[in-house]
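**Student:** got a predicted model here, sequence first, then my questions.
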Amino acid sequence: MRILVISDSHKRGDIIEKILYAQPTASHVFFLGDIASDIEDYTYIFPEKQFHILSGNCDYFSNLPSSSMENVGGKRIFYTHGHTLGVKSSTEHLLKTAKANGCDIALFGHTHIPLTLYEDEVWLVNPGSCGHPRGTKATYAVIDIENNGVMPIIIEV
């Protein structure tokens, strides 16, 4: 099973469209905020995919949550934009929150810097920013969940 993880598009819906077409086998799409309206129309264009959409610190008038949890492919996933957990300075609070909720994977954005890290039996994955990267090219992540494990991959747009 393939999961697509996108964050921080910042009004670059054209890039989201490019990413969605580049990953036709992804059955779940996690959008981690900033700017949620960039992806909402694609839920109608790609009805075969299940979308999990959050708000970020730049989604000023959104009623969407800033974090949530889902069970996908036999794994429990905590996902958040990250601004309420202080991810710009440390992933410690993120990891503690994921562990406390029995999660195998913690997805977060906000920093605009891609990261994959396996720590204390939890995968921490930040796809970076597809619309406004910092210190790198525009990126997103895919996570393959198979019987033999979890494989997160950062991909340049």
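**Tutor:** Structure received. Numbering: from 1, shown residues only.
**Student:** same for the lowest-mean-pLDDT helix or strand in the chain, what does it pack against?
**Tutor:** Lowest mean confidence among the helices and strands of the chain (mean pLDDT, DSSP states H and E): helix 37-40, at a mean of 93. The criterion is 3 or more Cβ pairs under 8 Å, 6 or more residues apart in numbering; DSSP states H and E, and the helices and strands that helix 37-40 contacts are helix 13-22, strand 50-53. Heads up, the C-betas are built off the backbone N, CA and C, glycines and all.
**Student:** ok, then the element right after the first one?
**Tutor:** Beyond helix 13-22 in the direction of the C-terminus, DSSP states H and E gives the next helix or strand as strand 26-31.
**Student:** direction included, what does that next one pair against?
**Tutor:** Next to strand 26-31 in the sheet, as set by DSSP bridges, lie strand 2-6 (parallel), strand 50-53 (parallel).
**Student:** then whichever helix or strand comes after the last one to PDB, C-alphas only?
**Tutor:** In the C-terminal direction, the helix or strand that comes right after strand 50-53 (DSSP H and E) is strand 67-72. Listed next in PDB are the C-alpha coordinates belonging to strand 67-72 (Å, rounded to 0.1, in the frame of the first residue of the first chain):
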ATOM      1  CA  SER A  67      -3.800  17.000  14.000                       C
ATOM      2  CA  SER A  68      -5.600  13.700  13.800                       C
ATOM      3  CA  MET A  69      -5.000   9.900  13.700                       C
ATOM      4  CA  GLU A  70      -5.900   7.200  11.200                       C
ATOM      5  CA  ASN A  71      -5.400   3.400  10.800                       C
ATOM      6  CA  VAL A  72      -4.000   2.700   7.300                       C
END
